[in-house]
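Visitor: Pasting the sequence and the predicted coordinates here, then a few questions.
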There are 2 protein chains.
Amino acid sequence: MSTDSLDVSGISIGILGGTGDQGKGLARRFAMAGHAVLIGSRSAERAAEAAAGLGLPARGADNATVAAEADVVIVAIPWEGHKSTLESLRAELAGKIVIDCVNPMGFDKQGAYALAVEEGSAAQQAAAVLPDSRVVAAFHHVSAVLLLDPEVTEVDLDVLVLGDDREATDTVQALAGQISGIRGVYAGRLRNAHQVEALTANLISINRRYKAHAGLRVTDV
Amino acid sequence: MSTDSLDVSGISIGILGGTGDQGKGLARRFAMAGHAVLIGSRSAERAAEAAAGLGLPARGADNATVAAEADVVIVAIPWEGHKSTLESLRAELAGKIVIDCVNPMGFDKQGAYALAVEEGSAAQQAAAVLPDSRVVAAFHHVSAVLLLDPEVTEVDLDVLVLGDDREATDTVQALAGQISGIRGVYAGRLRNAHQVEALTANLISINRRYKAHAGLRVTDV
């Protein structure tokens, strides 16, 4: 793929909500790949603790500092705070590639199910709230357990990358490819992000049935 | 997987809308696997033509005859006629496993997008219309081009199988496994079918970008 030739090695990566498992897992893998990583949290102190806990070069700061300083920003915050957090960071995130990996999900005794989102998806909500940012949807199906597992040297899955800005999706595909084992695959425009986010509910069902940490590979690509 | 041990070889398979590419492709692969296959269509004559065109043992008949005679029935009709066709076959389909593979999809100049469905998904609509049938959702992402291609001996993908009836989903997983290269993977309840159907829009985007016939494999299962 053409994105293989993009040099993204010097890009610094900020992770909003980087103290959660998903954020910490991505921080760990990007730090392993040699990227400058900034972990963000509402609390600068907890962010610094999470960064120190990685055992890899990474810094922690409050979300606003991370949003302002990082080249590319991953949104890994809980769905509950998604809209308000992004609204509060609009200025810091202007002009940047913002990668949304949030899965709006509900749980009941039958398992996980996708929540309806007024804007269509978390990624489309991010795009609506951040009109001056380049929003890309990616990293929805990456198991935090695998990302955080020191025994897992290769993360065996493709990251589906969605967005309306070709240069931005190419960059995110290349960034996904920085994580050992992972390949970034373009998978459509933002208007088709809902089903990718929602599919996480199916992966959770698969994980329960097969006692697995399931991911997806795209065949014939 | 436990479904590997299920003997489904004697099950006859009816395909409503079997004259379309998807239906014909599935008919071809199940006939190749040795199943008795009945191709259904509104027109018995066109169904018979499609069956004869396969060059494999298969019969054609009108949809009602196929629905009444086959052990398991696959719904591969266009979304436009989905509800009314199933309503008209409620009696014939009572008690049977009905496999819905319909993807409600719209197209515009930006490509494919998922249609909103009042019941949540085509599969849930089928379940609502056919309260006495055992509705399973499966075979959404199988490329008709690959199914129909005589050069393709192994179809390289997993079929996601969804449903609320364990015995029915086990049977459909085993049936999927009858097609060379394909594996059936349980992927949740019917309430999580929408995103699986909708993901076909993403696969169409992938196919355009990469000039591929993309499918999915589930990793770690």
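Guide: In hand now; what should we look at?
Visitor: How about the contacts made by the nearest residue to residue A:48 once chain neighbours are set aside?
Guide: In space, and not counting its chain neighbours, residue A:48 is closest to residue A:60: 3.7 Å by C-beta to C-beta, 6 or more residues apart in numbering or on different chains. Glycine gets a C-beta too; all of them are placed from N, C-alpha and C. Contact analysis of residue A:60 by C-beta atoms under 8 Å, 6 or more residues apart in numbering or on different chains lists A:18, A:38-41, A:44, A:46-52.
Visitor: Could you confirm residue A:60 falls within a helix?
Guide: No - counting by DSSP: H, G, I helix; E, B strand; the rest coil, residue A:60 is not found in a helix; it is strand.
Visitor: who does it bridge with?
Guide: Beta-bridge pairing for residue A:60 (DSSP bridges): residue A:39.
Visitor: I'd like to know which of the contacts of residue A:60 are part of helices.
Guide: Using DSSP state H, the subset of those located in helices is A:44, A:46-52.
Visitor: Among the residues you listed, which one sits closest to chain B?
Guide: Set against chain B, the nearest of the ones in helices among the contacts of residue A:60 by C-beta to the nearest C-beta is residue A:50 (26.0 Å).
Visitor: What distance do you get for the closest one to residue A:70?
Guide: 15 Å (C-beta to C-beta, to the nearest Å).
Visitor: same question, residue A:36
Guide: Separation of residue A:36 from residue A:70 (C-beta to C-beta): 8 Å.
Visitor: overlap in contacts of those two?
Guide: Counting by C-beta under 8 Å, 6+ apart, the contacts common to residue A:36 and residue A:70 are A:12-13.
Visitor: Can you classify residue A:73 as helix, strand or coil?
Guide: Following three-state DSSP, residue A:73 is assigned to strand.
Visitor: pretty sure it is in contact with residue A:94, am I right?
Guide: No - applying C-beta atoms under 8 Å, one finds residue A:73 not in contact with residue A:94, separated by 11.1 Å.
Visitor: which residues does the most centrally placed residue in chain A contact?
Guide: Taking C-alpha atoms, centre = their mean, the centroid of chain A lies closest to residue A:101, which sits 3.8 Å from it. Contacts for residue A:101 (C-beta under 8 Å, 6+ apart) come out as A:22, A:26, A:74-76, A:137-140, A:142.
Visitor: Residue A:160: what secondary structure?
Guide: Counting by three-state DSSP, the backbone at residue A:160 sits in strand.
Visitor: The residue nearest to it when sequence neighbours are not counted: neighbour count?
Guide: Distances taken as C-beta to C-beta, 6+ apart put residue A:187 closest to residue A:160, at 3.8 Å, once the chain neighbours are dropped. Neighbours of residue A:187 under the rule other C-beta atoms under 10 Å in any protein chain shown: 30.
Visitor: likewise residue A:80?
Guide: Neighbour count of residue A:80, defined by other C-beta under 10 Å: 9.
Visitor: cool, and residue A:113?
Guide: Applying other C-beta under 10 Å, I find that residue A:113 has 20 neighbouring residues.
Visitor: for it, helix, strand, or coil?
Guide: Look at residue A:113: counting by three-state DSSP, its state is strand.
Visitor: That one bridge partners, please.
Guide: Assessed by DSSP bridges, residue A:113 has beta-bridge partners residue A:106.
Visitor: and the closest residue to residue A:194 other than its chain neighbours, what does it touch?
Guide: Leaving aside its sequence neighbours, residue A:194 sits nearest to residue A:121 (C-beta to C-beta, 6+ apart; 4.0 Å). Listed by C-beta under 8 Å, 6+ apart, the contact partners of residue A:121 are A:104, A:137, A:190, A:193-194, A:196-197.
Visitor: Get me the contact residues on chain A for chain B.
Guide: By C-beta under 8 Å from any C-beta of the partner chain, the residues of chain A that approach chain B are A:1, A:110-114, A:156-157, A:160, A:162, A:185-189, A:191-192, A:194-196, A:198-199, A:201-202, A:204-206, A:209-210, A:212-221.
Visitor: quick one, phi psi at residue A:189?
Guide: Main-chain torsions, residue A:189, degrees, to the nearest 10: phi -80, psi 170.
Visitor: Around the residue lying closest to it once chain neighbours are set aside, count how many other residues there are.
Guide: Nearest non-adjacent residue to residue A:189, counting by C-beta to C-beta, 6+ apart: residue A:164, 5.3 Å away. The tally of other residues near residue A:164 (other C-beta under 10 Å) stands at 15.
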